[in-house]
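> Return a 3D structure for these sequence lines:
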Amino acid sequence: MNIRLRHDAIVRSLRRNGTMTVDGLAREVHASRRTVLRDIAALRDQGFSIHSESGRGGGLQLDPHSVLTTARLSVAEVFALLISVAAMRAARILPFSDFADAGLAKIEKALPPDKVRDLRRFLDCLHVGQLSPLQDLSDMGTMDPELLFAFETAFLQRQRLRFRYRDANGAETGRDVEPQAMLILPPLWYLVAWDPERGDFRHFRMDRISGPECLEGPAFRRRRVPFENDVCPYRDLPRR
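Modelled structure (predicted):
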């Protein structure tokens, strides 16, 4: 579990349980006591009000109001919310869409200008469409949670991405590509990338990607992806 996910898990545990000991948190997030103490200090620096009480029955307590007033969302986290909404719209299963748009607009308003710019650049890479009813979904798996954080760096800084890919026959190969777009055909998600070795675009199902790693080096150039007519870009944030 990376630091960001561990911090989120600690906050959720404190909210859910009210009071927890450091040892209890360490067991829950599968980390050492020393690591959890460092995480608590980092969360306090971020603005979370976490109280500690010593003695029998004591422990760590999170002021519930601090979550509402100081919790910060990264570009990747806001992007995850937006693409989830986009995917549900594409699948035509988004109830209460007006409330979703209003909530996302409030999130946009709270973001600093540099994060809004990054978010819009991220959204420029997102496309949605409809999946063929003939598509076989029997082997659909889960996506690596590290993938979205790798995408944030790969797309915004135009860095190459290296990962392991398992094809439809189960064979696994290493890939080194230039990410160009994300394609959502609910319930399948694809990375569309330029493969320098093959000199062409390739579509990679995200549930078959593992071990994503961004590679340092010169920024690659953006390419126009030849999408079909029924695939549309999802570029705009909801407006207030």
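
> Could you find the closest non-adjacent residue to the residue nearest in space to the middle of the chain?
The centroid of the chain falls nearest to L148 when counting by Cα atoms, centre = their mean (3.8 Å). Spatial nearest neighbour of L148, excluding adjacent residues (Cβ to Cβ, 6 or more residues apart in numbering): A76 at 5.2 Å. The C-beta positions use only the backbone N, C-alpha and C, and glycine is treated the same way.

> Could you look up the SS state of the one you found?
Of the three states, A76 takes helix under DSSP: H, G, I helix; E, B strand; the rest coil.

> Next one: it from Q180, what distance?
A76 is 18 Å from Q180, where distance means Cβ to Cβ, to the nearest Å.

> wait, isn't D63 in contact with G47?
No: using Cβ atoms under 8 Å as the test, D63 is too far from G47 to be in contact (10.5 Å).

> Just the pLDDT at A41, thanks.
Here the pLDDT value assigned to A41 is 90.

> Could you check how far it is from A76?
A41 sits 23 Å away from A76 when distances are taken as Cβ to Cβ.

> More neighbours: which of those two?
Higher neighbour count among A41 and A76: A76, with 18 against 11, using other Cβ atoms under 10 Å.

> Partner strands of the longest strand seen in the chain and their direction?
Secondary structure of the chain read by DSSP state E shows that its longest strand is strand 172-185. Its sheet considered, strand 172-185 pairs with strand 126-128 (parallel), strand 161-166 (antiparallel), strand 188-195 (antiparallel) by DSSP bridges.

> pLDDT averaged over the shortest one, what's the number?
To tie it back to what came earlier, the one meant is strand 126-128. Strand 126-128 shows a mean pLDDT of 87.

> can you pull out the helices in the protein?
Using DSSP state H, the helices assigned to the chain run over residues 3-17, 22-29, 33-45, 64-70, 75-90, 97-110, 113-123, 146-156.

> Report the residue spans of this structure with pLDDT below the cut-off.
By pLDDT under 70, the low-scoring segments of the chain are 1, 55-58, 65-73, 89-94, 97, 230, 234-240.

> No more questions from me, cheers.
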